[in-house]
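Student: Below are the sequence and a predicted model; questions follow.
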Amino acid sequence: MEHPVAEPAPTKDNSLSTRDGGLTRFKSFARKNMYLGAVWGVGSPLGLLAVRYYADHWPTVNVWLRIELQDHGAYYIYVGVGTVAAMGLWGLWSGRNLDKQRTRTQALERAALRLRDMADTDGLTGVHVRRHLLEKLDEELRRAERYKYPIASLFVDVDNFKAFNEVHGHMVGDEVLKRIAQVTRASVRETDIVGRYGGDEFLVMLPHANAREAFLAAERIRKGVEKLSVTSAAGSSVPITVSVGMIAAVPHEADVLRFLEIADQALHRSKGLGKNCTILCDVPETTPGAPSLKEKKS
């Protein structure tokens with residue numbers, strides 16, 4: 001008959017335990033500093049007592065000090081030099097440990113930044129991913145609503161990209177997306193935010209850009225892509241075009257979905273008008289309700 005074996009009771013984590021030679025009590029910096037503070041605190045009344053004793057018996061103390069230094073001066077010098085050396089070595093050792101810890105912390109921070117950049121960046125095109133775009137757009141819309149400045153968003157969609165991939169292959173299609181991302185980033189300001197919204201669709205945010213400035217940026221993108229030359233697997237040059245839908249307004253409410261919906265409607269109009277064109281849906285600044293659309297085509 002088997003007898004059950006009693007499991008040992010869990011031990012409490014006690015920093016005052018005597019394991020490891022009684023040194024575990026100092027693993028907590030808070031407890032260590034408490035002990036050091038208490039020791040230094042003891043010095044305050046003792047120092048005051050020594051000062052008062054010297055004030056009352058200074059002739060006797062001076063005689064004693066002179067005799068003590070004459071008889072044991074070398075000892076005090078030895079102890080003083082040894083103490084200075086010991087404290088200096090301790091400071092060197094602790095400083096090196098802190099330097100190592102700081103170096104490790106900085107390396108971890110750099111690694112965390114790299115991971116965050118990788119999570120926020122599309123691996124193919126090198127621009128921001130959709131999640132990061134929506135977060136930034138929400139921030140920019142709230143700021144623009146608060147401080148009453150214009151903001152614009154561009155939807156850039158590759159024309160006939162599905163058919164393009166079927167004819168020329170995904171390798172050439174990936175190269176097209178890379179080149180379009182490069183043209184888009186080169187066509188806007190450094191402060192503007194470019195990202196890949198979907199498979200063949202890019203989103204550009206232009207804070208502090210009015211309708212005219214945003215329209216000119218969209219046209220730079222469209223014309224820049226039109227000038228691209230991509231070679232197919234057969235060696236022939238393949239034309240590439242994009243359609244652009246955009247919105248530019250001073251937002252009356254920080255509604256990301258509504259803002260993008262208007263730009264998407266403009267993109268669909270651009271596609272319906274034969275593609276390779278830009279449609280601007282300008283929202284009147286004085287209308288706080290649902291915006292009406294005013295088209296501007298190029």
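Tutor: Alright, I've got the coordinates.

Student: Tell me which stretches of this protein form strands.
Tutor: 151-158, 193-196, 201-207, 230-231, 237-238, 242-249, 278-282, 295-297 (DSSP state E).

Student: Next, the angle strand 201-207 makes with the first one.
Tutor: It refers to strand 151-158. Per axes from the mean of the first three to the mean of the last three Cα atoms, to 10 degrees, the angle that strand 151-158 makes with strand 201-207 is 160 degrees.

Student: Strand partners (parallel or antiparallel) of strand 151-158?
Tutor: Each strand that pairs with strand 151-158, with its direction, by DSSP bridges: strand 201-207 (antiparallel), strand 242-249 (antiparallel).

Student: Ok, the fifth one next?
Tutor: For strand 237-238, sheet partners with direction are given as strand 230-231 (antiparallel), following DSSP bridges.

Student: model confidence over the partner strand, on average?
Tutor: Mean pLDDT, strand 230-231: 82.

Student: which of the strands paired with strand 151-158 is buried the deepest?
Tutor: Ranked by mean neighbour count, those are led by strand 242-249 with a mean of 26 (mean count of other Cβ atoms under 10 Å). All C-beta spots, glycine's among them, are computed from the backbone N, C-alpha and C.

Student: can you give me the helices in the stretch 101-250 of the chain?
Tutor: Along the stretch 101-250 of the chain, the segments classed as helices by DSSP state H, counting those that start in this stretch run 130-147, 161-168, 170-187, 211-226.

Student: Rounded mean pLDDT for the third one, please.
Tutor: Here the mean pLDDT over helix 170-187 is 94, rounded to a whole number.

Student: The first one too?
Tutor: Per-residue pLDDT values over helix 130-147 give a mean of 91.

Student: Show me what that helix is in contact with.
Tutor: Helix 130-147 is contacted from outside by 120, 128, 150-151, 153, 193, 195-198, 203, 205, 207, 250-256, 259-260, using Cβ atoms under 8 Å, 6 or more residues apart in numbering.

Student: I figured residue 169 hits residue 230, correct?
Tutor: No. Using Cβ atoms under 8 Å, residue 169 makes no contact with residue 230, being 11.7 Å away.

Student: Next, show the common contact partners of these two.
Tutor: Shared contacts of residue 169 and residue 230 (Cβ under 8 Å, 6+ apart): none.

Student: Residue ranges of each domain in this protein, please.
Tutor: The record's domain split for the chain, according to automatic domain parsing, is 26-119, 130-297.

Student: Of these, which shows the lowest average pLDDT?
Tutor: Among these, domain 26-119 scores lowest, with a mean of 77.

Student: Run the chain-centre distance for it.
Tutor: What separates the centre of domain 26-119 from the centre of its chain is 39 Å, taken as Cα atoms, centre = their mean, to the nearest Å.

Student: now swap in stretch 137-149 and tell me
Tutor: Worked out by Cα atoms, centre = their mean, stretch 137-149 lies 20 Å from the chain centre.

Student: Buried by neighbour count: which residues of that stretch qualify?
Tutor: Neighbour counts over stretch 137-149 (16 or more other Cβ atoms under 10 Å) mark 137, 140, 141, 144, 145 as buried.

Student: Nearest to residue 245, out of these: which one, please.
Tutor: Distance to residue 245 across the buried residues of stretch 137-149 (Cβ to Cβ) is lowest for residue 137, with 15.2 Å.

Student: measure that closest one to residue 127 for me?
Tutor: To residue 127, residue 137 is 14 Å away according to Cβ to Cβ, to the nearest Å.

Student: One more: residue 228?
Tutor: As judged by Cβ to Cβ, residue 228 and residue 127 stand 16 Å apart.

Student: More neighbours: which of those two?
Tutor: residue 127 (25 against 17; other Cβ atoms under 10 Å).

Student: Now that one: phi and psi?
Tutor: phi -100, psi 180 (degrees, to the nearest 10).

Student: you'd agree it is up against residue 180?
Tutor: No. Using Cβ under 8 Å, residue 127 is not in contact with residue 180, being 9.9 Å away.
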